[in-house]
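Colleague: What follows is a predicted structure for the sequence shown.
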Amino acid sequence: SLQSGVVLPEKALKMAVSPNTVYAGPYFNSGGSHLNTTLSKPEAVYDSHVKGQLHKYTEANSPGNVVLWGYKNQYPVAKVSNANNLSSYSGYYTSADVAYSSFEHSDNNNWTYAGAPVADASSPSGKLVYSLGTGAITKSNSTVSTQKYIISYWYKSGASVSVTGGTVGAAVIRKTFGSWTLAEREITSVSGTITVSGSGFIDELRFHPADSQMTTYVYDPLVGITCVIDAKGSAQYYEYDESQRLKNVKDQQGNIVKSHQYIMGLSN
């Protein structure tokens, strides 16, 4: 497909012809402008791009996916899976029905806040967190009032967090990490702006339909990925050596689950 003069991928196809079959027919359609797709089956369909980056895609025999980007549109920071209903068609959700911020960069992905993130080495993901005392966080994009949503966030000991903008369920505690706690709430009958307010520090603020799952990613732009947090809130951390090569992968308890050693430029 063509977007703002840039050619972008539309589909990934795999040949469906048996490898033992000699095919003598035309590989292009009668006009010669397109591949003869009867010879292949789709592996992935790239439904839309935003600023040149893949935004929605569907893999063969699996639900749709939405990707959010950050760090000045350089890296994927969130993947929402089972997102078939995140469509631009009337009566369905739009990609505005998801939101995410780790407060590590200026791409806030549908959250709006006025305060400046602050450094906190104890953060469950990156290096920065947000103080609700500097201002509330809001999401005013359209949502589907009949849909059930999940909002989740990590809050630091001593924080008080309020969520408004619909019928908001009680906080369910999912995990703890040092002085941080992962809370999750259901929101139904969404009305107007969703607001997260209160006092103290929060991090990893997510919003998505309840029947989808979100995985998030944090980076050191000069090095590489530093943290992946799955849909259940479990994290893996990535450490690098002085040459910025991957050294260790650790779980949330600090256990090394994978280690790399480099000899003469090779890894073992």
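Modeller: Okay, I see it.

Colleague: Just the element for the most centrally placed residue in the chain, please.
Modeller: Nearest to the mean C-alpha position of the chain, counting by Cα atoms, centre = their mean, stands Ala78 at 1.1 Å. Under the criterion of DSSP states H and E, Ala78 resides in strand 75-81.

Colleague: contacts for that strand?
Modeller: Residues outside strand 75-81 that contact it (Cβ atoms under 8 Å, 6 or more residues apart in numbering): 53, 63, 65-71, 86, 98, 100, 102, 105, 107, 109, 206, 208, 212-219, 221, 225, 231. The C-beta positions use only the backbone N, C-alpha and C, and glycine is treated the same way.

Colleague: mean confidence score for it?
Modeller: Mean pLDDT, computed over strand 75-81, is 91.

Colleague: What is the subsequent helix or strand relative to it?
Modeller: Note on strand 75-81: by DSSP H and E, the next helix or strand toward the C-terminus is strand 99-101.

Colleague: partners of that next one, with directions?
Modeller: strand 201-209 (antiparallel) (DSSP bridges).

Colleague: List the buried residues for whichever helix or strand comes after the strand it pairs with?
Modeller: Next in sequence after strand 201-209, counting helices and strands by DSSP H and E, comes strand 213-220. Buried residues in strand 213-220, counting neighbours by 16 or more other Cβ atoms under 10 Å, are found at 213-214, 216-220.

Colleague: ok, which stretches of the stretch 1-150 of the chain are strands?
Modeller: Ranges of strands within the stretch 1-150 of the chain are 2-3, 6-7, 11-15, 40-50, 53-59, 64-70, 75-81, 99-101, 112-113, 118-119, 128-131, 137-139, 149-156, based on DSSP state E, counting those that start in this stretch.

Colleague: With the stretch 151-268 of the chain instead?
Modeller: Using DSSP E, counting those that start in this stretch, strands in the stretch 151-268 of the chain cover 160-164, 167-168, 172-177, 180-188, 194-199, 201-209, 213-220, 224-229, 235-240, 246-251, 256-259, 262-263, 266-267.
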